[in-house]
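Visitor: Sequence below, structure please.
(one chain, ligands or ions: 1)
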Amino acid sequence: MYKIILASGSPRRKEILEQVGVKFTVLSSDKEEIITKEKPEEIVKELACVKARDIADKVEGKAIIIGADTMVAIDGQVLGKPKNEVDARAMLQMLQGNRHQVYTGVSVIIKSDVKRDEFNAAEDIIISFTEKTEVWVYPMKRKQIDKYIATGEPFDKAGAYGIQGKFAVNIEKIEGDYYNIVGFPIAKLYTRLYEEGIDILNNGEEQ
Ligand SMILES: Cc1cn([C@H]2C[C@H](O)[C@@H](COP(=O)(O)OP(=O)(O)OP(=O)(O)O)O2)c(=O)[nH]c1=O
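Guide: Next up is the predicted model:
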């Protein structure tokens, strides 16, 4: 039996794992997120890896630690969470009437309890990937953007919107995994781990 640990404080990621029936605990990382990469698909993987590593170093025994990070990209710009209202308005102004990409990077560290020798712990297995979803947003007037900002929804979300919330009325269409936009590409994670012989729906035990 593995302990499954979600290394993220995002309530959305927790909800998605609960929805499919994974038994896990949450230990969120407070490590500073320093970006050294340029491409969004690399940045999200790097940040997911920092979160998973931070928690993996703090837990003992057999464990599967899952880190994730979500960002929005549009016209060569990468958007994280807005810092304030002005920032949120600028982001939503860019996204309205346009197409953008949402990237979520996932990093999974599988810690075994088998020791190589009496001094060294067994090597961890690391699986990491990025999932991309294309999103088209209908044109929005300044008044609509301001009303949306007033709901308070933008502030803890990459790109300043939540597709699962009140922003749903502005989504024209998506191409790719919906759950990836909400912050966690659950199907890709489940499938990749299953290929490795790990079933997260069964406490990580092999099928
Ligand atoms: C685009 C979009 C993002 N989001 C959220 C998912 C993520 O929680 C958040 C991006 O922030 P992240 O930095 O990926 O994650 P987090 O700060 O919430 O949690 P932690 O760092 O502890 O892992 O944006 C939505 O909820 N809906 C959306 O439509």
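Visitor: Check whether Ile186 really touches Leu17, as I assumed.
Guide: Yes: A contact is recorded between Ile186 and Leu17 when judged using CB atoms under 8 Å, the distance being 7.3 Å. C-beta coordinates here come from the backbone N, C-alpha and C atoms, glycine included.
Visitor: Close to the ligand: what parts of the chain are there?
Guide: Taking CB under 6 Å from any ligand atom as the criterion, the chain approaches the ligand at residues 8-10, 12, 28, 51, 68-70, 72, 81, 102, 156-159, 161-164, 181-183.
Visitor: Please name the strands paired to whichever helix or strand Val106 is part of in the sheet, noting orientation.
Guide: With elements delineated by DSSP states H and E, Val106 resides in strand 99-111, which encompasses its position. Next to strand 99-111 in the sheet, as set by DSSP bridges, lie strand 63-74 (antiparallel), strand 125-137 (antiparallel).
Visitor: just checking, what packs against the longest helix along the chain?
Guide: Within the chain, and with DSSP state H defining each element, the longest helix by residue count is helix 40-56. In this structure, helix 40-56 makes packing contacts with strand 63-74, strand 99-111, strand 125-137, judged by 3 or more CB pairs under 8 Å, 6 or more residues apart in numbering; DSSP states H and E.
Visitor: If you count neighbours, what's buried in the second one?
Guide: For strand 99-111, the buried set under the neighbour-count rule, 16 or more other CB atoms under 10 Å, comprises 100-111.
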